[in-house]
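In: Output the structure for:
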Amino acid sequence: MKPEKEPFISEDSKKILKKELDNLKEPVDILIFTAKEVNKPFNEFSIKLFTELSGISDKILSKFEAIGGDLANKYDVSRSPTLLIQPDKYNIRLTGAPAGEELRTFMLTLIMASTGMTILSEASRKRLADLKDKRNIKVFVSPTCPYCPIQAAIAVAVAIEKAGLVSTEIIEIYENKDLAAKYNAFSVPQVFIDDHLVGLGLQPEEVFIEEVITAAPVKTRPVDTDTGKKEIDLLIIGAGPAGLTAAIYAERSGLKTVVAEKSNIGGQVAITPVVENYPGFTKIGGKTLMDMMAQQAIQYTDIHEGEEVLEIQKTGDLFEIKTNRTLYSAKAVLMTTGAESKKLDIPGEKEFQGKGVSYCAACDGYFFKDNKKVIVIGGGNTAATEALYLKNIGVDVSIVHRREALRAEQFLQQSLANNNIPILWNATVKEILGDKFVTGVILENTVDKAEKTMKIDGVFIAIGYTPNNDLAKKLGVESDEEGYIKVDPSHRTNIKGIYAAGDITGGLKQIVTAVSQGAVSATSIFEDISKPYWKKKQE
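Out: Reported below is the predicted structural model:
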């Protein structure tokens, strides 16, 4: 007697999926198109996934079709695998298997297509009422990109809200390399509207909607202040480890708190492939860790993803804060805006960003699988971690470092040696070369100044961080020579009512440090709002 085959979806996962799929209202037709000899592993993944999903919920009506058949011709499907969701009602297409992070996009797409209710805000739905022309949206994604699911979900929501006018296609770049090459979409997410690039990187919902309306890139603009103010105790700017921890402590202290995050929840940690030095977890994905923190914080406070703070003005003892969505009146502001990847500022870097130049291995590394040759520039923990991640997914990776010794922790250095990752010592990149895509770099030896050309397919830059301090500068908050905000032991800045915590304050950039600072700052804010320290001094 042959042993039974193990199910494709584990029993524990089925329980979780069933709970999600119980939200379906109307049955959802899904057409899965495959071809035998194209992207075979992804075809098999799709067939197994949808066979078992149909068994979990009777509202998922999966139908398998072959490329070249009548239905494929009817819907103009030529790529394998391709999924059409509710094709007689909406124009929603997933070109590529919904693996990894993109399974989140697919599950949310199912729920929106079944209920007719989308994740868009009321303001976005009203703005879409002005759309009269047809639009085709393409969002390029990868299974490992933490930014992609929300961008793809917003694009799908637009297609549902404007059925008949808007078509949305979510394209996985690894399975469709020729399509990615055609659009030069090698960094994700990238958004094209009517085949014109409008967005590189995650776009806030309001910006995305404007791009759909105008079919062109737009900038974030302040909200109409006539809509009235929201009165709160504390506004936290940034939803990284420091911001999320502060939100938990602030709300538990009784402070009415809002967290505004212009990009993705989790900050730099969310794009860290593996975290191995956070107490309680021997090894955990950065995105998973931040999802856990966010889930806990959401139980206490409001977290507004995609909300960007544009202006802060002090009026008496209060702060008036304009965002791209709302006008707030707050008693205190906590800046946990973190830091962003530092640029090399060399020829070719800007020209080839998203075309082989990247600052996020978790986002863009998947495209370079199958032994494509890349370099990681840097010598610290981030560079070592990025290189190890790329090696692990099948990339031919080397490190380029300007000195003769790395700054990375000894454990990471030993991991680099164990994985046979070459290190080019005493070398700097002088120029990034390419045509439509990166083809090589010019290296200079820092000792003898000799130059040589190295042929590669991609460049990952990990040379440190630059503080996100624009808002602080405008307010007159004091910073050090590198731009990091100066704070006292209670995380107060030189401006009463303004506080800062996490990477924006410099020092040791570790998750555990940011979490600690978030707790200390929130406690200080509660005490200062209850008994303002500046009034004590006056007395």
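In: Next up, phi/psi of residue 339, please.
Out: The phi and psi values for residue 339, taken as degrees, to the nearest 10, are phi -140, psi 150.
In: Dig out what it forms beta bridges with.
Out: Residue 339 forms beta bridges with residue 467, as assigned by DSSP bridges.
In: What about it, how many residues nearby?
Out: Residues within reach of residue 339, counting by other C-beta atoms under 10 Å, total 23. Backbone N, C-alpha and C define where each C-beta goes, glycine included.
In: Return stretch 304-320 as CSV; C-alpha atoms alone will do.
Out: Backbone C-alpha positions of stretch 304-320 (Å, rounded to 0.1, in the frame of the first residue of the first chain) are rendered in CSV as follows:
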residue,chain,number,x,y,z
HIS,A,304,-1.9,54.7,9.7
GLU,A,305,0.3,53.1,7.0
GLY,A,306,0.8,55.4,4.0
GLU,A,307,0.3,58.6,6.1
GLU,A,308,3.1,61.1,5.6
VAL,A,309,3.6,64.0,8.0
LEU,A,310,4.2,67.1,5.8
GLU,A,311,4.3,70.0,8.2
ILE,A,312,4.5,70.6,12.0
GLN,A,313,3.8,74.0,13.6
LYS,A,314,3.9,74.9,17.3
THR,A,315,1.1,77.0,18.6
GLY,A,316,1.4,77.6,22.3
ASP,A,317,1.8,74.3,24.2
LEU,A,318,0.3,72.3,21.3
PHE,A,319,1.4,71.2,17.9
GLU,A,320,-0.6,71.4,14.7
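In: contacting residues around it?
Out: 150, 204-206, 220-222, 229, 235, 237, 239, 258-265, 321-333, 471, 474-475, 495, 497-498, 532 (C-beta atoms under 8 Å, 6 or more residues apart in numbering).
In: try stretch 394-407
Out: Residues from elsewhere that reach stretch 394-407 (C-beta under 8 Å, 6+ apart): 365, 368-381, 383-384, 387, 390-391, 413, 416, 421-429, 443, 446.
In: again, but for stretch 421-435
Out: For stretch 421-435, the external contacting residues (C-beta under 8 Å, 6+ apart) are 344, 346-349, 351-352, 355-357, 375, 377, 387-388, 391, 397-404, 406, 416, 438-447, 451, 453, 459.
In: let's see 6 Å
Out: 346-349, 352, 377, 387, 391, 398-400, 402, 404, 439-447, 459 (C-beta atoms under 6 Å, 6 or more residues apart in numbering).
In: buried subset of these?
Out: In terms of neighbour count (16 or more other C-beta atoms under 10 Å), the buried residues within the contacts of stretch 421-435 are 346, 348-349, 352, 377, 387, 391, 398-400, 402, 440-444, 459.
In: show me where pLDDT drops low in the stretch 1-150 of the chain?
Out: Where the stretch 1-150 of the chain drops to pLDDT under 70, the residues are 1-6.
In: which residues of it fall in helices?
Out: 11-21, 40-56, 70-74, 102-115, 122-128, 148-161 (DSSP state H, counting those that start in this stretch).
In: Which one of those lies nearest to residue 136?
Out: In terms of C-beta to C-beta, the element of the helices of the stretch 1-150 of the chain nearest to residue 136 is helix 148-161, at 9.8 Å.
In: Show me what that closest one is packed up against.
Out: With contacts defined as 3 or more C-beta pairs under 6 Å, 6 or more residues apart in numbering; DSSP states H and E, helix 148-161 has these neighbours: helix 102-115, strand 135-141, strand 166-172, helix 205-214.
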